[in-house]
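Trainee: sequence below, structure please.
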Amino acid sequence: MAYNNCIDKYSRIYNACFPLKAIKSKPLKNRSSPWISPRLLKFINNKNQLHKKIIRSPSLSNERIYKSHKNKLNHLIRLAKRKYYDTKFESAKNDLRTTWKLLNEVINKRRSRAPFPSSFESEGKTITDPRKLLINSVNTLLTLVPA
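Mentor: Next comes the predicted model:
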């Protein structure tokens, strides 16, 4: 009787401190990449299965198979990406604007500029006039620069 009460109390405390959580699988991030074909997706899923196999039963042979498959997959992804961008550049060879957009996409350059503030607080006063705002911003900047 005392043993069952102890186990029940322990189980309740344990379940309260360590509740079971549902594990969500992560979606493949490469699905959004246009160069990933259904064939490459199968390779990626196969690589993930091999990785799970290594985790479940680690052995040297499983690790060799996984590494070989992973290296082949990386090579195929690089080739697919290169082929994708080659065709894109070939179709945009006479359009300079599109070529530059593609170049920025390849180097993963994001255009993000901080917006100019719509108001500025100086000495307890809020300034919303764009000219005064610009003048105050420049003055503040110049006071921070050592002479």
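Trainee: all strands for the protein, in order.
Mentor: Applying DSSP state E to the chain gives strands spanning 120-122, 125-127.
Trainee: could you list the low-pLDDT ranges of the chain?
Mentor: 25-31, 111-114, 116-117, 120, 122-123, 130, 133, 145-147 (pLDDT under 70).
Trainee: remind me, longest helix of it?
Mentor: In the chain, assigned by DSSP state H, the helix with the most residues is helix 60-91.
Trainee: show me which positions of that helix end up buried.
Mentor: N62, Y66, H69, I77, A80, Y85, K88 (16 or more other C-beta atoms under 10 Å). C-betas here are computed from N, CA, C, even on glycine.
Trainee: which helices and strands does it pack with?
Mentor: helix 38-56, helix 96-106 (3 or more C-beta pairs under 8 Å, 6 or more residues apart in numbering; DSSP states H and E).
Trainee: nearest residue to H51 other than its sequence neighbours?
Mentor: Y66 (6.1 Å; C-beta to C-beta, 6 or more residues apart in numbering).
Trainee: test my guess that that neighbour contacts Q49.
Mentor: No: contact criterion C-beta atoms under 8 Å: Y66 and Q49 do not qualify, at 9.6 Å.
Trainee: mutual contacts of the two, please.
Mentor: Overlap between the contact sets of Y66 and Q49, as judged by C-beta atoms under 8 Å, 6 or more residues apart in numbering, is nil.
Trainee: re the thing from before, so which of the helices and strands packed on helix 60-91 comes closest to C17?
Mentor: Minimum separation from C17 across those (C-beta to C-beta) falls at helix 38-56, 26.3 Å.
Trainee: now do the closest one: which elements does it pack against?
Mentor: helix 60-91.
Trainee: now the angle from the helix it packs on to helix 96-106?
Mentor: Relative orientation of helix 60-91 and helix 96-106, computed by axes from the mean of the first three to the mean of the last three C-alpha atoms, to 10 degrees: 170 degrees.
Trainee: between helix 60-91 and helix 38-56, how big is the angle?
Mentor: Per the same axes, to 10 degrees, the angle that helix 60-91 makes with helix 38-56 is 150 degrees.
Trainee: re earlier: check contacts around the residue nearest to H51.
Mentor: K47, L50, H51, K53, I54.
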